[in-house]
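**Student:** no FASTA, just this:
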């Protein structure tokens, strides 16, 4: 059972959260606090597995509380905010939070929405339970079943050099900071256009793009329907619209659409990966980063069947190991490596030397 501490300066919000989580037998309400200082004291005194905490509070805010708690506790920390700012999100994650979520209006949430909300919190709290080594064994067996070319021992653990045309990145929970890390490591002279699908709320997509544009060497924009991807540019799927790649004459264009959600998600990583496989074949270079669920696994299989290359973030560096785990189990991951090595691996795959 997961012992959870709720921290918010609103007594009403704390009461609503306690009610929501008491209905799930996987959680035990361990306590509550009206500010960051009391949260630090209770985390130090009690056996806490998970802390759900507001950012803006009197006496001590959530960011400072997270910094202090992270020095002595292994509790997973999830932050809430009503502000549309990726800077606040980045500061929270840098302080030690695993994820920053838009503060839910619990009173207006349906039972399905409440269930999804609890599942996301549960996945974050359980983010590092499984092991990559065992999954890779499953993945090798799945390669044969899925009709994917098996790698030789010499190929395992690296991405083959090919004439790649574009890089595709899929991510969800914990994705913004992971994407930033990869883009920083790729460097300003990375030769391919980069297309990204990140599961994100409407309030945050424009701010995510601005934050990545400000903090990396790339030109980062929200993708626009009909534009042609260019090297040195990063195109991010807008909230609630699928991003797919299409052929237009002799060139390639981005298409944004409102097709039905996949796995209840729009934008969907599977949708982007599948279009990449159909349009570019073996010229696809793709990465699946931290995220909840299995979005991207089916598209990753299509990429591998088409001859493209697929890399997955390893468990230890993930906030939530759901999406990379699904790709590995499907046998579609050619390489599983830590976040801080992904940029280097991608640069090596496209280098001419």
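**Tutor:** Everything's here; your move. Since this is a predicted model, take the numbers as computed values, not measurements.

**Student:** what stretches of the stretch 1-150 of the chain score poorly on pLDDT?
**Tutor:** Confidence mapping of the stretch 1-150 of the chain against pLDDT under 70 gives the ranges 84-87, 106-107, 127-150.

**Student:** can you give me the strands in it?
**Tutor:** In the stretch 1-150 of the chain, the segments counted as strands under DSSP state E, counting those that start in this stretch are 2-7, 27-33, 50-54, 76-81, 99-102.

**Student:** make JSON lines out of those strands and add distance to residue 257 and mean neighbour count.
**Tutor:** (Each C-beta comes from the backbone N, C-alpha and C, glycine too.) Below are the strands of the stretch 1-150 of the chain laid out as JSON lines (distance: least, CB to CB, whole Å; neighbours: other CB atoms under 10 Å):
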{"stretch": "strand 2-7", "distance to residue 257": "38", "mean neighbour count": "23"}
{"stretch": "strand 27-33", "distance to residue 257": "38", "mean neighbour count": "19"}
{"stretch": "strand 50-54", "distance to residue 257": "35", "mean neighbour count": "25"}
{"stretch": "strand 76-81", "distance to residue 257": "30", "mean neighbour count": "23"}
{"stretch": "strand 99-102", "distance to residue 257": "24", "mean neighbour count": "22"}
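
**Student:** any chance of JSON lines for those strands, columns distance to residue 265?
**Tutor:** JSON lines is the format used below for those (distance: least, CB to CB, whole Å):
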{"stretch": "strand 2-7", "distance to residue 265": "25"}
{"stretch": "strand 27-33", "distance to residue 265": "24"}
{"stretch": "strand 50-54", "distance to residue 265": "23"}
{"stretch": "strand 76-81", "distance to residue 265": "20"}
{"stretch": "strand 99-102", "distance to residue 265": "16"}
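
**Student:** what sits closest to residue 307 if chain neighbours are left out?
**Tutor:** residue 282 (3.1 Å; CB to CB, 6 or more residues apart in numbering).

**Student:** so which of the strands of the stretch 1-150 of the chain gets nearest residue 219?
**Tutor:** The minimum distance between residue 219 and the strands of the stretch 1-150 of the chain falls on strand 99-102, with 24.9 Å, by CB to CB.

**Student:** in its sheet, what does the closest one sit against?
**Tutor:** Strand 99-102 has these partner strands in its sheet, going by DSSP bridges: strand 76-81 (parallel).

**Student:** report the angle between the strand it pairs with and strand 50-54.
**Tutor:** Interaxial angle, strand 76-81 versus strand 50-54 (axes from the mean of the first three to the mean of the last three CA atoms, to 10 degrees): 20 degrees.

**Student:** could you figure out how far strand 76-81 is turned away from strand 2-7?
**Tutor:** Angle of strand 76-81 versus strand 2-7, following the same axes, to 10 degrees, is 30 degrees.

**Student:** check residue 318 and give its pLDDT.
**Tutor:** Residue 318 is assigned 89 on the pLDDT scale.

**Student:** which SS class is it?
**Tutor:** At residue 318 the chain is in coil, as set by DSSP: H, G, I helix; E, B strand; the rest coil.

**Student:** when you give positions from now on, start the count at 16
**Tutor:** Got it, first residue is 16 now, which makes that one residue 333.

**Student:** identify the residues contacting stretch 361-368?
**Tutor:** For stretch 361-368, the external contacting residues (CB atoms under 8 Å, 6 or more residues apart in numbering) are 173-177, 179, 182, 197, 200-202, 205-207, 300, 302, 324, 326.
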